[in-house]
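Trainee: The amino acid sequence is not available; the structure is as follows:
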């Protein structure tokens, strides 16, 4: 055959690729390749070490006897395939958890054969999903889960709680509710914060909770130093676990709020002048630590404190994790059974809590098991409000002033007048100096009080803003019927 009659290498590669792979794009324009009949998709431009599409295409061409092709031919073929895929329908890709057809959800087991768990209204099954229903994206953080055990009769939950050192039954039911929430792709769940004395096994308990969802390779990480690295870690996995937090900067606190309830990060795409790269994320988050200092009010509403106690009998790491690996299939099977049971129950959604989806999940769990998760969740939020108040001198001063207002009545002043009033109240007759961080202008005071609104409202003090012909004002109202929790004087 003459040189003119030979098929160009790029055409050979393109024909082979379109015969053996399905190509599609996501909403952000990224093109993915999916081997025919297999649910795992890979971005065609990926150069990752977990196996790129370029690598699997080269291996397939070689094993099927079509030869070895140079990089130029591969690049030209992939350029053509990418251009063609941009005209195809949009389909999302998912990490670990995904919605399915007919109200079902899927859990990726991280297996090479693509087998996953389909959780449907009447039960759950281990299947290989239809590639057009679910497309999994794998990263280095995607660990392999064992095949879950059937017919466990709930004993897996008891085995898990026996291995962990949760201090109370209320803590145990909140941990269970969080695990059930992690299996829901559209349910924002608060971030468990494992606390307790030194030696209580906070890191070990955190690993046990994470590995139920992420497999035995799942682990805790140190908090990244900047938001960009944190977002990169969050986007590459499902559950993000940060270990041994001792201080929380305002930027880190804000980033955690975004991770729990969802946000989008936009930055300039590499090697372009005007194009952008969009990353949407909402992930389950888990934290461990003894004390992180002052907790900001917006993060407090998104936390789930889980207190642990020191174990009476110590065991070696090898013994503990060997037992955990042995019971993990039973634990996962029991969690799936419980998830099906909880989702089948109708329950009223509490309307007074910010994380309404998780509060509804707690109500469903209570209706299915009678554990009392919703009451425990309300109590935990009340305790976090105490922590916020104890760490904020302005909040303490506002509550002290609110005690001088008649129940059911309101007091209105400008923000500058409020600043003078609260500053005088704090300083008292002794004229003690104002603390570091105290508001210096009426505008700063107004912004601080807006952030404290949920915390103060939980103690029966409402802060409202408005405008009249004379200017803007702040109004403080003391409720006639205070919430069940009565705050204690702080000074």
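Mentor: Done, it's in. Remember, predicted model here, so these are calculated numbers, not experimental data.
Trainee: Sticking with residue 354, tell me its helix or strand.
Mentor: With secondary structure defined by DSSP states H and E, residue 354 is part of neither a helix nor a strand.
Trainee: How many residues are close by it?
Mentor: 15 (other C-beta atoms under 10 Å). Where you see a C-beta, it was placed from the backbone N, CA and C, and this is true even at glycine.
Trainee: gap between it and residue 158?
Mentor: According to C-beta to C-beta, to the nearest Å, residue 354 stands 32 Å off from residue 158.
Trainee: Ok, residue 170 next?
Mentor: As judged by C-beta to C-beta, residue 170 and residue 158 stand 17 Å apart.
Trainee: try residue 143
Mentor: According to C-beta to C-beta, residue 143 stands 24 Å off from residue 158.
Trainee: Comparing these two, which residue is more hemmed in?
Mentor: For residue 143 versus residue 158, the count of surrounding residues by other C-beta under 10 Å is larger for residue 143: 18 against 15.
Trainee: quick one: the more buried one is in a helix?
Mentor: No - counting by DSSP: H, G, I helix; E, B strand; the rest coil, residue 143 is not part of a helix but coil.
Trainee: tell me the pLDDT at it?
Mentor: Listed pLDDT for residue 143 reads 91.
Trainee: secondary structure class for residue 88?
Mentor: Three-state call for residue 88 (three-state DSSP): coil.
Trainee: Nearest residue to it in space, please, no chain neighbours.
Mentor: Spatial nearest neighbour of residue 88, excluding adjacent residues (C-beta to C-beta, 6 or more residues apart in numbering): residue 24 at 5.0 Å.
Trainee: partners of the one you found in the sheet?
Mentor: On the basis of DSSP bridges, residue 24 is bridged to residue 32.
Trainee: Was I right to think it contacts residue 85?
Mentor: Yes - assessed by C-beta atoms under 8 Å, residue 24 is found in contact with residue 85 at 6.2 Å.
Trainee: Quick check: neighbours shared by the two?
Mentor: Each of residue 31 lies in contact with both residue 24 and residue 85 under the rule C-beta atoms under 8 Å, 6 or more residues apart in numbering.
Trainee: May I see the buried residues of stretch 139-152?
Mentor: By neighbour count on 16 or more other C-beta atoms under 10 Å, the buried set for stretch 139-152 is 141, 142, 143, 145, 146, 148, 149, 152.
Trainee: what do you get for stretch 457-470?
Mentor: Applying 16+ other C-beta under 10 Å to stretch 457-470 flags 457, 458, 459, 460, 461, 463 as buried.
Trainee: Relative to residue 471, how far out is the fourth one?
Mentor: Residue 460 sits 28 Å away from residue 471, going by C-beta to C-beta.
Trainee: and residue 401, helix, strand or coil?
Mentor: helix.
Trainee: when you give positions from now on, start the count at 435
Mentor: Okay, residue one is now 435; in that scheme the one you just asked about reads as residue 835.
Trainee: Could you pull up the residues touching the closest residue to it other than its chain neighbours?
Mentor: Distances taken as C-beta to C-beta, 6+ apart place residue 859 nearest to residue 835, at 5.6 Å, with adjacent residues excluded. The neighbours of residue 859, taking C-beta under 8 Å, 6+ apart as the test, are 831, 834, 835.
Trainee: how about 10 Å then?
Mentor: By C-beta atoms under 10 Å, 6 or more residues apart in numbering, residue 859 lies in contact with 831, 832, 834, 835, 838.
Trainee: So which of those is surrounded by the most neighbours?
Mentor: Ranked by neighbour count (other C-beta under 10 Å), the contacts of residue 859 have residue 832 at the top, with 24 neighbours.
Trainee: For it, grab phi and psi.
Mentor: When quoted as degrees, to the nearest 10, the phi and psi of residue 832 stand at phi -60, psi -40.
Trainee: measure it to residue 782 for me?
Mentor: With distances taken as C-beta to C-beta, residue 832 is found 33 Å from residue 782.
Trainee: cool, residue 510 as well?
Mentor: Separation of residue 510 from residue 782 (C-beta to C-beta): 60 Å.
Trainee: between those two, who's got more neighbours?
Mentor: Between residue 510 and residue 782, counted using other C-beta under 10 Å, residue 510 has the larger neighbour count: 16 against 9.
Trainee: Identify the spatial nearest neighbour of the more buried one, chain neighbours not counted.
Mentor: Distances taken as C-beta to C-beta, 6+ apart place residue 444 nearest to residue 510, at 4.1 Å, with adjacent residues excluded.
Trainee: What helices and strands are in contact with the helix or strand containing the one you found?
Mentor: Of the helices and strands defined by DSSP H and E, residue 444 is found in helix 443-454. Packing partners of helix 443-454 (3 or more C-beta pairs under 10 Å, 6 or more residues apart in numbering; DSSP states H and E): strand 465-469, helix 487-497, helix 505-519.
Trainee: of all those, which lies closest to residue 911?
Mentor: Nearest to residue 911 among those is strand 465-469; the distance by C-beta to C-beta comes to 54.0 Å.
Trainee: so who does the residue nearest to residue 510 touch?
Mentor: Residue 444 makes contacts with 503, 506, 507, 508, 509, 510, 511, 512, 513, 514, as judged by C-beta under 10 Å, 6+ apart.
Trainee: which one of those residues is nearest residue 568?
Mentor: residue 512 (24.5 Å).
Trainee: Check the nearest residue to that closest one once chain neighbours are set aside and give its pLDDT.
Mentor: Using C-beta to C-beta, 6+ apart and skipping the chain neighbours, the partner closest in space to residue 512 is residue 478 (5.7 Å). As predicted, residue 478 sits at a pLDDT of 87.
Trainee: I'd say residue 478 and residue 489 touch.
Mentor: No - with contact defined as C-beta atoms under 10 Å, residue 478 and residue 489 do not form a contacting pair (11.3 Å).
Trainee: And those two? Which one has more around it.
Mentor: Using other C-beta under 10 Å, the more surrounded residue of residue 478 and residue 489 is residue 478, with 21 against 15.
Trainee: quick one: that one from residue 469, how far?
Mentor: Residue 478 is 12 Å from residue 469, by C-beta to C-beta.
Trainee: which neighbours do these two share?
Mentor: Common contact partners of residue 478 and residue 469 (C-beta under 10 Å, 6+ apart): 455, 487.
Trainee: coming back round to it: from the buried residues of stretch 573-586, pick the one nearest residue 868.
Mentor: When those are compared for distance to residue 868 (C-beta to C-beta), residue 575 comes out closest, at 46.6 Å.
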